[in-house]
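Peer 1: Just to be clear, the model below is a prediction. Sequence and coordinates:
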Amino acid sequence: MTQETVYKDAGFGASVPRGSKPAILVVDFSYGFSDTAYPTAADMSAEIAATRRLTDFARSAGMPVIFTTIAYTPLERDSLPWLKKATGMAALMVGTRLVEIDAACGMTETDALIVKHGASAFFGTNLAAILTGAGVDTLVVAGATTSGCVRASVIDAMQSGFNVLVPADCCADRAKAPHDANLYDMGQKYADVTDSEDVLAWLKSLASR
């Protein structure tokens with residue numbers, strides 16, 4: 001029995017409904033993840049470029065665009081269990097270049113910025129309140145890393161009541177195996193995994209109504 005058959009027989013992999021009020025969530029495309037001068041980073045230039053095509057259009061159509069970054073104070077750095085496990089993340093300190101959103105993303109002052117302290121963009125933040133207040137029903141999640149903060153944010157988005165789309169070419173990781181495995185799993189259980197062309201075409205169809 002193939003993997004696809006196992007998941008299909010178990011009732012996974014159904015399509016996610018697409019609403020009429022989307023938002024774009026860009027997770028942690030900060031220099032600490034995108035500038036290979038830092039050991040926590042990988043080359044994410046292609047994924048950032050694909051994401052920017054979505055955010056530029058969404059912004060022009062009046063759709064919310066939200067970025068996240070991880071930034072720690074010294075007390076958080078010294079206290080949080082995650083940073084004892086993932087010690088490299090402790091470099092993401094408030095006020096450093098590592099926590100700034102990569103300029104290639106094209107972030108503007110009209111975009112929201114969520115500063116988070118864990119993997120999920122929802123945990124301990126007001127992201128759900130922002131999305132609910134804006135009437136958002138479908139969340140497009142891009143960013144880094146696929147197997148870490150993107151996955152955690154996708155799961156929490158679904159658990160918070162949002163339909164979720166994940167354009168695979170807008171998600172980046174440090175290694176291919178966890179990237180591929182997590183895209184597959186998210187696509188079976190939590191979101192529709194698609195690509196930026198499909199998402200952009202859908203956004204344009206909404207804007208033309």
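Peer 2: That came in fine, so what should we check first?
Peer 1: so how far is the helix or strand bottoming out on mean pLDDT in the chain off the chain centroid?
Peer 2: Scoring the helices and strands of the chain by mean pLDDT, DSSP states H and E places helix 3-9 at the bottom, with a mean of 77. Centroid separation for helix 3-9 versus its chain: 27 Å, with Cα atoms, centre = their mean, to the nearest Å.
Peer 1: In this protein, which helix is the longest?
Peer 2: helix 45-60 (DSSP state H).
Peer 1: Report how many residues lie close to the nearest residue in space to Met93 that is not next to it in sequence.
Peer 2: In this structure, Met93 finds its nearest non-sequential neighbour in Tyr72, 5.6 Å apart by Cβ to Cβ, 6 or more residues apart in numbering. Every C-beta, even on glycine, is put in place using the N, C-alpha and C of the backbone. Tyr72 has 22 neighbouring residues, counting by other Cβ atoms under 10 Å.
Peer 1: Can you give me the buried ones in the least confident helix or strand of the chain?
Peer 2: By 16 or more other Cβ atoms under 10 Å, the buried positions in helix 3-9 come out as Tyr7.
Peer 1: contacts for that helix?
Peer 2: By Cβ atoms under 8 Å, 6 or more residues apart in numbering, the residues outside helix 3-9 that reach it are 13, 188.
Peer 1: now could you export just the CA positions of it as PDB?
Peer 2: This file holds the C-alpha atoms of helix 3-9, laid out as PDB (Å, rounded to 0.1, in the frame of the first residue of the first chain):
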ATOM      1  CA  GLN A   3       1.900   6.300   1.300                       C
ATOM      2  CA  GLU A   4      -0.700   8.300  -0.700                       C
ATOM      3  CA  THR A   5      -3.200   5.400  -0.300                       C
ATOM      4  CA  VAL A   6      -2.600   5.200   3.400                       C
ATOM      5  CA  TYR A   7      -3.400   8.900   3.900                       C
ATOM      6  CA  LYS A   8      -6.400   8.900   1.500                       C
ATOM      7  CA  ASP A   9      -7.900   5.900   3.200                       C
END
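Peer 1: what inclination does the helix or strand hosting Ser205 have with respect to helix 45-60?
Peer 2: Ser205 is located in helix 196-207, with elements delineated by DSSP states H and E. Orientation check (axes from the mean of the first three to the mean of the last three Cα atoms, to 10 degrees): helix 196-207 against helix 45-60 gives 0 degrees.
Peer 1: average pLDDT for stretch 26-42?
Peer 2: Mean per-residue pLDDT for stretch 26-42: 97.
Peer 1: what do you get for stretch 192-205?
Peer 2: 98.
Peer 1: Flag the shaky bits of this protein, pLDDT-wise.
Peer 2: 9 (pLDDT under 70).
Peer 1: ok, now with 90
Peer 2: 1-14, 209 (pLDDT under 90).
Peer 1: Give me the residues contacting the longest helix of the chain.
Peer 2: Under Cβ under 8 Å, 6+ apart, the answer for helix 45-60 is 22-24, 26, 29, 34, 64-65, 102, 104-108, 110-111, 140, 142-144, 167, 169-172, 196, 199-200, 203-204, 207.
Peer 1: residues of it that come out buried?
Peer 2: 47-48, 50-59.
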